[in-house]
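# Mind looking at a prediction? Sequence and model below.
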Amino acid sequence: MDVPASATNSVVEPCSGEDLVRKLEEFFMSPELMVKIGDFMHESAAKLCFVGEHTGVSENGVSASGGDTDEETEHPLENYAIFSRYGSMIEQMVEAFLSEQGADANDLYEACVIEKMDKGNNWCVCLDYLLASLDYEYFLQIAYDFYKL
């Protein structure tokens, strides 16, 4: 992802953690990134095999409804490959954002932890995108939500 020339030619004032998360949310809500993430999820969700709690099939393969169950009770390796591609895509976006803001990954990590854990921030979509890029189960839940749209 290209970084705008204006971000590399100007001095960026450091911002507070709360401001950094707000700016990250604005960054991820840009039409360009929303389309890129949405396209990735819609294309990938159809390729993922959802098992366990994501489909209502228990770990022992028994459906809560008593009907047909998924043939596999373990996630196929392709799921993890898609998760890895998603993580790489989000990482590129975050690196561009950090460069624009003159911040580093530690600043962003601390700000996100405070927002999500200490303040209980449940409205920031960017935090969900970041968590999904780092946590496989969280990624599957987000992908399943896109799949059901």
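Perfect, thanks for sending it. This is a predicted model, so every value here is computed, not measured.
# Every contact and neighbour count from this point should use C-alpha atoms.
Noted.
# Check whether Cys49 sits in a helix, strand or coil.
Three-state call for Cys49 (DSSP: H, G, I helix; E, B strand; the rest coil): coil.
# From Tyr147, how far out is it?
Cys49 sits 11 Å away from Tyr147, going by C-alpha to C-alpha, to the nearest Å.
# One more: Tyr80?
Tyr80 is 17 Å from Tyr147, by C-alpha to C-alpha.
# Check Trp123 too.
With C-alpha to C-alpha as the criterion, Trp123 and Tyr147 are 21 Å apart.
# Ok, Glu26 next?
Applying C-alpha to C-alpha to Glu26 and Tyr147 gives a distance of 25 Å.
# again with Leu131
Counting by C-alpha to C-alpha, the gap from Leu131 to Tyr147 is 18 Å.
# any idea which element the residue most central in space within the chain lies in?
In the chain, the centroid-proximal residue (C-alpha atoms, centre = their mean) is Tyr129; its distance is 2.2 Å. Take DSSP states H and E as the rule and Tyr129 turns out to sit in helix 125-134.
# what's the answer for Glu78, then?
Using DSSP H and E, Glu78 sits in helix 77-101.
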